[in-house]
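Student: dropping a prediction and its sequence here:
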Amino acid sequence: MPQIILATNKKLVLKNVLRRELQNIEFDKLNDEINKFGILLDKLSVQTFGPLVTKNGGVNINNEGTLTTDYDLLVQAHDYKQYKSSFEVIERLEVLNCIYVRFEGNPDEVQFAHSKLDLYFYENDLESTDEIYSIMVEDSEHHSIIDIFRPVRIL
């Protein structure tokens with residue numbers, strides 16, 4: 001049975017992070033960029049720990065009317081500093097005061113987790129920073145576990 005668990009005032013902490021920043025990337029090119037990131041990690045023999053973390057910075061419309069997004073790809077890695085010529089390196093990344101949901105179910109239905117977050121923000125008169133951090137804990141064709149963190153804007 002699908003489940004969506006919500007918790008408040010959560011903190012996302014990542015250590016020894018390698019980051020690839022994708023600015024104004026078109027949605028139809030996003031999967032290719034994620035695959036390139038994975039290939040580069042393999043090519044460099046990066047020893048990662050934990051799953052891939054993505055940060056979505058919202059949707060933009062460029063001058064031609066094409067939808068784009070700002071997207072970060074983040075992994076935690078042993079000996080991460082040796083890769084500073086290929087990636088931005090971050091010793092510790094903390095994202096505070098987040099509303100968190102854990103989605104467990106068919107990956108085609110993950111939009112319900114985002115809807116639950118949207119509804120929580122609306123019902124509690126909260127404002128988001130427009131960033132969404134997603135962690136793919138488990139992924140298969142018919143079942144996924146995804147942790148989603150959305151920071152609350154402090155006014």
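Tutor: Ah, there it is. Numbers count the residues shown, from 1 in each chain.

Student: switch to C-alpha atoms for all contacts and neighbour counts from now on
Tutor: Noted.

Student: what strand or helix carries L40?
Tutor: Element membership for L40, per DSSP states H and E: helix 27-43.

Student: mind checking pLDDT for the residue most central in space within the chain?
Tutor: Nearest residue to the geometric centre of the chain (C-alpha atoms, centre = their mean): T54, 2.5 Å. Note on T54: pLDDT of 96.

Student: OK, contacts around it?
Tutor: Y71, D72, L73, L74, I132, Y133, S134, I135 (C-alpha atoms under 8 Å, 6 or more residues apart in numbering).

Student: that one sits in which helix or strand?
Tutor: Using DSSP H and E, the element containing T54 is strand 48-61.

Student: and the average pLDDT for stretch 104-111 is what?
Tutor: 94.

Student: with only the CA atoms kept, save that stretch in PDB.
Tutor: This file holds the C-alpha atoms of stretch 104-111, laid out as PDB (Å, rounded to 0.1, in the frame of the first residue of the first chain):
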ATOM      1  CA  GLU A 104       6.800   4.900  -0.600                       C
ATOM      2  CA  GLY A 105       5.000   3.400  -3.600                       C
ATOM      3  CA  ASN A 106       4.800   3.300  -7.400                       C
ATOM      4  CA  PRO A 107       7.300   5.900  -8.800                       C
ATOM      5  CA  ASP A 108       4.600   7.100 -11.200                       C
ATOM      6  CA  GLU A 109       2.600   8.400  -8.200                       C
ATOM      7  CA  VAL A 110       5.300  10.500  -6.600                       C
ATOM      8  CA  GLN A 111       3.400  13.700  -7.600                       C
END
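
Student: what's that stretch in contact with?
Tutor: So stretch 104-111 is contacted by M1, P2, Q3, I4, F103, D139, E141, H142, H143, S144, I145, I146 (C-alpha under 8 Å, 6+ apart).

Student: name the nearest of those residues relative to L93.
Tutor: I146 (19.3 Å; C-alpha to C-alpha).

Student: quick revisit: who does the helix holding L40 touch, helix- and strand-wise?
Tutor: Secondary-structure packing of helix 27-43 (3 or more C-alpha pairs under 8 Å, 6 or more residues apart in numbering; DSSP states H and E): strand 67-77.

Student: and the contacts of the strand it packs on?
Tutor: Here strand 67-77 has contacts from 14-27, 34, 37, 46-62, using C-alpha under 8 Å, 6+ apart.
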